[in-house]
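Engineer: kindly return the folded structure for what I paste below:
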Amino acid sequence: MHSFGYRLNGLLTFSVTILAIMCAIASLSDNLNTPSPSAEIQVMNINWFQKQPQGNDEVSLTMNISADLQTLFTWNTKQLFIFVAAEYETPKNSLNQVSLWDAIIPAKEHAKFWIHTSNKYRFVDQGNNLRGKEFNLTLHWHVMPKTGKMFADKIVLTGYSFPEEYR
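Structural biologist: You can find the predicted model right below:
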């Protein structure tokens, strides 16, 4: 007959193994979800577009952001981290990304929203490359699960451009 310590060790090992298997199955079940999020961003106004004393371009935008991200939520989703980035090309870099706005969505009930906002973070280009330049606004999201691997995706919205002259 085994002692109490051996029996307890066997029981704990079995319990931890079952718990690990359940976590793996829960994590893999998220792959069965096929989300179909939607978003629209309208640039309502360019509040200012100026050249800083150092020679860098700075922009302030007013935007309407509407999105329906409810399909990203499953029983395993803890929260979403979302942010809007401006993406553009310059002669020096093929991809420049500037974060303009972000938010944390804690529940599915808050995942369908509309917000009227100015950029939360400064939009400064290192140089004077923005006049007349086309840019994309991209809504990025990171799904943070209760268990398992975090994943990210985005929606790219095209057709925006900066003015030809400073304001």
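Engineer: and A85, backbone torsions?
Structural biologist: For A85, the backbone dihedrals are phi -120, psi 140 (criterion: degrees, to the nearest 10).
Engineer: elements contacting the longest strand seen in the chain?
Structural biologist: Of all the segments of type strand in the chain, defined by DSSP state E, the longest one is strand 38-51. In this structure, strand 38-51 makes packing contacts with strand 57-68, strand 134-145, strand 151-161, judged by 3 or more CB pairs under 8 Å, 6 or more residues apart in numbering; DSSP states H and E. Where C-beta positions appear, they are placed from N, C-alpha and C, glycine not excepted.
Engineer: next, the contact list for A67, please.
Structural biologist: The neighbours of A67, taking CB atoms under 8 Å, 6 or more residues apart in numbering as the test, are P37, S38, A39, E40, I82, A111, K112, F113, L139.
Engineer: in this structure, where is pLDDT below threshold?
Structural biologist: When residues are selected by pLDDT under 70, those of the chain lie in 1.
Engineer: domain ranges for it?
Structural biologist: Taking automatic domain parsing as the domain assignment, the ranges for the chain are 1-32, 34-161.
Engineer: ranking the ones you listed by burial, who's on top?
Structural biologist: A comparison of those by mean neighbour count, using mean count of other CB atoms under 10 Å, puts domain 34-161 on top with a mean of 15.
Engineer: list the neighbours of the longest strand of the chain that are in contact with it.
Structural biologist: By CB under 8 Å, 6+ apart, the list of residues contacting strand 38-51 from outside reads 57-69, 84, 116, 118, 128, 130, 137, 139, 155, 157, 160, 162-163, 166-167.
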